[in-house]
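Take a look and give me a structure for this.
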Amino acid sequence: MELDYRGHMPRGILVITGTKIEVPCVFKSEISEEQIKSLLKQRIWAFGDAIYDGEGQLPVRVEVASMKSINQTGTPSKWEGAMMPFEPSDWGAENGTIPKQ
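Below is the predicted model:
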């Protein structure tokens, strides 16, 4: 997240996790400057209004009313093995539920 304090409300840029896609945002008055600064360079949940222009699937701007830090403790162990390579024949082939091609 980057910040710009020019104008009446602070503006920033949210970067969508796992991408380089940037979405401009405006922080509503409910969010203090201290809260914004404390969440810089962190993964967050941003709550508020998404403004769309009808041109794309992502909002052109987000009006952020509140933010919450995403807890990054622990490991993604629930996904362990979920992304392993597989062959479609592995699914039910032994009991004949997958038709042979």
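
wait, what's in contact with Pro59?
Pro59 makes contact with 23, 50-52, according to C-beta atoms under 8 Å, 6 or more residues apart in numbering. Any C-beta I mention is one placed from the backbone N, CA and C, and that applies to glycine too.

Can you tell me which helix or strand of this structure has the lowest average pLDDT?
Ranked by mean pLDDT, DSSP states H and E, the weakest helix or strand in the chain is strand 2-4, scoring a mean of 59.

Tell me the most packed of the contacts of Pro59, by neighbour count.
In terms of neighbours by other C-beta atoms under 10 Å, the contacts of Pro59 top out with Val23 at 17 neighbours.

That residue should be in a helix, yeah?
No: secondary structure of Val23, determined by DSSP: H, G, I helix; E, B strand; the rest coil: strand, with no helix assignment.

Could you double-check that it sits in contact with Ile13?
Yes: with contacts counted by C-beta atoms under 8 Å, Val23 reaches Ile13, the gap being 7.1 Å.

tally of neighbours for Gln35?
12.

what about the strands in the chain?
Assignment of strands within the chain using DSSP state E yields the ranges 2-4, 11-15, 22-27, 44-51, 61-69.

looking only at pLDDT, what's the mean for the last one?
For strand 61-69, the per-residue pLDDT values average out at 92.

cool, and the fourth one?
Here the mean pLDDT over strand 44-51 is 92, rounded to a whole number.
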